[in-house]
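**Q** I need the structure of the sequence given here:
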Amino acid sequence: MTPQETILALTRHIRETVRPHLGAWHGRQISGTAASGDATFAIDDHAEEAIVSFIERERLSIAYYSEDKGLIEFGASPEAVLIIDPIDGTRPAAAGFESCVVSVAWADYTPGVTMGDVRCGCIGEIKGDDLFLAERGGGARWLGPDGRERPLRLLPITEIARAPLTYEVVARPFEWLGVVLAEIVNAAAMKGGCFLFNSTAYSLTRLLTGQLAAVLDVGNRILRDRPAARDRFVQLGFGRPIGLFTYDIAAAALIAAEAGAIVTDAHGRSFDDTPLLDTGEANLKSILAASTPELHESLLAAVDAGLARLTA
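**A** As a prediction, the model looks like this:
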């Protein structure tokens with residue numbers, strides 16, 4: 001199989017394993033703490049088992065990096081590393097909501113591998129059947145439940161006031177998010193819409209479907225710009241700051257960018273130099289993605305203004 005065929009098959013395998021457990025009470029039980037420090041739910045355990053069973057069945061000589069287990073190698077000289085979030089949106093998945101996906105990215109297994117080294121990515125809806133794929137430099141694709149390709153629908157919206165958007169809140173101090181995002185939410189809520197999905201990968205795919213025009217996670221921007229805020233992040237993360245990790249966006253950021261969206265961190269910087277296999281605090285990320293350059297520029301200016309208000 002080619003790299004893209006491999007990640008597509010793995011995405012489908014994980015999805016079929018996890019789907020029966022959506023919304024089930026046993027799936028909501030906390031089973032431990034992931035390598036990243038985030039909570040692990042019982043439904044995550046089923047997903048991790050699916051990864052191993054697929055790799056062993058296909059006899060792949062690869063390494064994989066997942067939210068729960070960290071880095072695992074199969075074979076003496078792995079040819080690639082898969083960056084996997086078997087359930088991005090575990091909380092929605094446990095509740096049986098639609099905003100949960102399987103995320104798989106492929107990168108060559110080299111020293112110092114970065115986000116810019118991701119060659120291809122695949123996102124699969126868990127409750128639905130749509131799939132989103134991209135190969136670096138080759139564009140993005142959206143496959144419907146029947147396997148047929150659908151046209152990408154990036155919204156040509158340039159104004160915040162008309163932009164449907166989403167933002168992240170898990171373990172981010174909401175009392176500060178409110179200050180930073182106030183201008184954006186107040187402008188967009190009436191004519192655009194503001195949504196909370198608890199899955200960055202799912203949210204980024206909604207740019208391709210035309211359901212969203214922007215995706216924001218400014219938690220780490222607050223943490224970086226206001227070091228004194230760290231204690232509050234540690235408190236909410238039950239011992240360590242929790243935020244956006246590379247496994248959350250390794251596939252989705254590539255797919256959104258290849259579809260034509262503008263994808264950066266909340267400072268406006270590229271992800272290309274970001275270490276791919278590091279879930280340490282120093283490598284926590286923020287994100288600001290938009291369907292048009294004009295909207296991205298306006299949102300970035302509004303985030304800058306929000307941070308200035310918070311500092312004042």
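**Q** Bridge partners for Ala63, pull those for me.
**A** Glu73, Val81 (DSSP bridges).
**Q** Might one say that it is in contact with Ile84?
**A** No - taking contacts as CB atoms under 8 Å, Ala63 lies outside contact range of Ile84: 10.7 Å. Using the backbone N, CA and C atoms, a C-beta is placed for each residue, glycine as well.
**Q** between these two, which one's more packed in?
**A** Ile84 (29 against 22; other CB atoms under 10 Å).
**Q** isn't there a strand covering the more buried one?
**A** Yes - counting by DSSP: H, G, I helix; E, B strand; the rest coil, Ile84 is part of a strand.
**Q** can you pull out the helices in the chain?
**A** Per DSSP state H, the chain carries helices over the ranges 3-18, 42-58, 90-95, 174-188, 200-209, 219-225, 230-236, 246-259, 293-311.
**Q** and of these, who's closest to Asp273?
**A** The closest of these to Asp273 is helix 246-259. By CB to CB, the value is 11.7 Å.
**Q** for the record, mean pLDDT for that closest one?
**A** Across helix 246-259, pLDDT averages out at 97.
**Q** distance between that helix and the chain's centre?
**A** Helix 246-259 sits 7 Å away from the centroid of its parent chain (CA atoms, centre = their mean, to the nearest Å).
**Q** cool, and stretch 118-126?
**A** Worked out by CA atoms, centre = their mean, stretch 118-126 lies 10 Å from the chain centre.
**Q** got it, and stretch 203-222?
**A** Worked out by CA atoms, centre = their mean, stretch 203-222 lies 9 Å from the chain centre.
**Q** quick one: which of the helices of the chain is nearest Ala134?
**A** helix 246-259 (3.9 Å).
**Q** Run the angle between that closest one and helix 200-209 for me.
**A** Angle, helix 246-259 to helix 200-209, by axes from the mean of the first three to the mean of the last three CA atoms, to 10 degrees: 10 degrees.
**Q** would you put the C-alpha positions of helix 246-259 in CSV?
**A** The C-alpha atoms that make up helix 246-259 are tabulated as CSV, following Å, rounded to 0.1, in the frame of the first residue of the first chain:
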residue,chain,number,x,y,z
THR,A,246,0.8,18.3,17.4
TYR,A,247,-1.2,15.0,17.2
ASP,A,248,-4.4,17.1,17.3
ILE,A,249,-3.5,18.9,14.1
ALA,A,250,-0.8,17.0,12.2
ALA,A,251,-3.3,15.7,9.7
ALA,A,252,-6.0,18.3,9.9
ALA,A,253,-3.7,21.4,9.5
LEU,A,254,-2.2,19.9,6.3
ILE,A,255,-5.7,19.0,4.9
ALA,A,256,-7.1,22.5,5.6
ALA,A,257,-4.0,24.2,4.1
GLU,A,258,-4.0,22.0,1.0
ALA,A,259,-7.7,22.9,0.6
